[in-house]
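Q: Pasting the sequence and the predicted model now:
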Amino acid sequence: MTKTALQFRHNGRDVALFVDGGVNLLVALRESIGDMTPKFGCGQGGCGACSVLIDGELHLSCLTLAETVNGRSVETLDGLKDGPNLHPLQRAFMEQFAAQCGYCTPGMLMAAKALLDRNPSPTRAEVIEAISGNICRCTGYEPIVNAVLAAASSGRARA
């Protein structure tokens, strides 16, 4: 199988790697770069566990061909924190008990970040719409919605 050279920014740093033709971004991130924060959920784009930001826009990495991010910027949950300091969204998730098993959390946080980056003061309905592509089987969504709204009201969510 032919390998494709790929260069992109991953969480603010330049990376270069070779990927097999047809490999998805989720596999490239997890197996080639070692970023385990995007999760494999359904593999069909229905659960949101693999959500990442590509040039600031929310994408499902299980449905994105790795070669399509050449020259672009990819941000995952691992890029939200600043060293030991949690991002305000991560802190709000912790304070609002928005993570139980935690499997959906990376995708939920990336969906919430995409929302708050473009709309720092969303309504409850806008938060619900923004996370609607992500499935959570534990929390009942209420703590997640409350966490996103808390992060937004803190005024630091774009940090």
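A: Thanks, I have it.
Q: Identify each buried residue in the helix or strand Ile144 falls within, please.
A: Following DSSP states H and E, one finds Ile144 within helix 142-154. For helix 142-154, burial by neighbour count (16 or more other C-beta atoms under 10 Å) applies to 143-152. Every C-beta, even on glycine, is put in place using the N, C-alpha and C of the backbone.
Q: Val27: which of the residues you listed is nearest?
A: Relative to Val27, the closest of these is Ile144; by C-beta to C-beta it sits at 26.8 Å.
Q: List the residues that contact that closest one.
A: By C-beta atoms under 8 Å, 6 or more residues apart in numbering, the residues touching Ile144 are 93, 96, 98, 108, 112, 131, 136.
Q: Could you dump these into JSON lines and include pLDDT and neighbour count?
A: Putting these into JSON lines (pLDDT from 0 to 100; neighbours: other C-beta atoms under 10 Å) gives the following:
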{"residue": "Phe93", "pLDDT": "96", "neighbour count": "26"}
{"residue": "Gln96", "pLDDT": "95", "neighbour count": "19"}
{"residue": "Ala98", "pLDDT": "95", "neighbour count": "29"}
{"residue": "Met108", "pLDDT": "97", "neighbour count": "30"}
{"residue": "Ala112", "pLDDT": "98", "neighbour count": "31"}
{"residue": "Ile131", "pLDDT": "97", "neighbour count": "24"}
{"residue": "Cys136", "pLDDT": "93", "neighbour count": "22"}
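Q: Make TSV from the residues you listed and add distance to Leu63 and secondary structure to it.
A: Shown next, in TSV, are those (distance: C-beta to C-beta, whole Å; DSSP: H, G, I helix; E, B strand; the rest coil):
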residue	distance to Leu63	secondary structure
Phe93	25	helix
Gln96	29	coil
Ala98	25	coil
Met108	18	helix
Ala112	20	helix
Ile131	18	coil
Cys136	20	coil
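Q: residue ranges of the strands in the protein, please?
A: Along the chain, the segments classed as strands by DSSP state E run 3-10, 13-20, 51-54, 57-60, 73-75.
Q: Pipe those into a markdown table and attach distance to Phe40 per row.
A: A markdown table is the format used below for those (distance: least, C-beta to C-beta, whole Å):
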| stretch | distance to Phe40 |
| --- | --- |
| strand 3-10 | 18 |
| strand 13-20 | 16 |
| strand 51-54 | 12 |
| strand 57-60 | 11 |
| strand 73-75 | 16 |
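Q: winner for burial among these?
A: strand 51-54 (a mean of 24; mean count of other C-beta atoms under 10 Å).
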